[in-house]
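Chemist: output the structure for:
(chains A and B)
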Amino acid sequence: DAKTTQPNSMESNEEEPVHLPCNHSTISGTDYIHWYRQLPSQGPEYVIHGLTSNVNNRMASLAIAEDRKSSTLILHRATLRDAAVYYCILNFGNEKLTFGTGTRLTIIP
Amino acid sequence: DTEVTQTPKHLVMGMTNKKSLKCEQHMGHRAMYWYKQKAKKPPELMFVYSYEKLSINESVPSRFSPECPNSSLLNLHLHALQPEDSALYLCASSHPLQGSEQYFGPGTRLTVT
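Modeler: Model prediction:
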């Protein structure tokens, strides 16, 4: 499985944008980039995914580097409810998701 | 309805017991999953069912036995578990299409005594 690298933890101030980086230098052409988050005491929650182009949805934006070796999840205006572990996962077109250790995001009021 | 439900929320069982975990979804998804999550660790895939057939078994011990009786239901039968099997067991579902997002349930917190 292609591997992702994320910072162990990040902090951000409430109501400010958050940029969560992910490196995936061994990504292949058919790998989708998925982001999930897991709030305390809950199951993981789908955030966004993309293949080559930048993607936006109601929760976040995903910026994918031109060479696809890295991506950034952007939360446009962080709230306290965004405090969670964020997982960047490469999915090579089948049903299997392999979670890495993720980034623990702390939001400072 | 984008909800995956899991029962029970909590389960305590002895090493000689037999119990089952249940998962249900009504989103029309034809792929369903079991994950195991130990404390402070990421979820680990155990099994995948696609169109009610087992498609992936991540070398899970036979004391865990999955079952998919229909397209909405997924069970995990537990027998002769060990204390190290104590964990959060998560169910998920998705369309069986390339790159589809998975929807997770809240999990069953299992304690083996």
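Chemist: what segments of the chain are strands?
Modeler: Just so you know, I chose chain A. A:9-13, A:18-23, A:32-38, A:45-50, A:55-56, A:61-64, A:70-75, A:84-91, A:103-108 (DSSP state E).
Chemist: please go with chain B instead
Modeler: Under DSSP E, chain B gives strands at B:4-7, B:10-13, B:18-25, B:31-37, B:44-50, B:53-57, B:64-70, B:73-79, B:87-94, B:103-104, B:108-112.
Chemist: between those strands, which gets nearest to chain A?
Modeler: Minimum separation from chain A across those (Cβ to the nearest Cβ) falls at strand B:103-104, 3.5 Å. For every residue, glycine as well, the C-beta is placed using N, CA and C.
Chemist: in its sheet, what does the closest one sit against?
Modeler: Using DSSP bridges, strand B:103-104 pairs in its sheet with strand B:87-94 (antiparallel).
Chemist: dump the partner strand to CSV, restricted to CA.
Modeler: Backbone C-alpha positions of strand B:87-94 (Å, rounded to 0.1, in the frame of the first residue of the first chain) are rendered in CSV as follows:
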residue,chain,number,x,y,z
ALA,B,87,-11.2,-2.8,21.3
LEU,B,88,-13.7,-0.6,19.4
TYR,B,89,-15.3,-2.5,16.5
LEU,B,90,-16.4,-0.3,13.7
CYS,B,91,-18.7,-1.1,10.9
ALA,B,92,-18.8,0.9,7.6
SER,B,93,-20.6,0.8,4.3
SER,B,94,-20.1,2.3,0.8
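Chemist: residues contacting the most centrally placed residue in chain B?
Modeler: Centroid-nearest residue in chain B, with Cα atoms, centre = their mean: residue B:34, separated by 3.0 Å. Contact partners of residue B:34, counting by Cβ atoms under 8 Å, 6 or more residues apart in numbering or on different chains, are B:23, B:45-47, B:64, B:66, B:74, B:76, B:89-91.
Chemist: that one and residue A:85: what is the separation?
Modeler: In this view, residue B:34 and residue A:85 are 20 Å apart by Cβ to Cβ, to the nearest Å.
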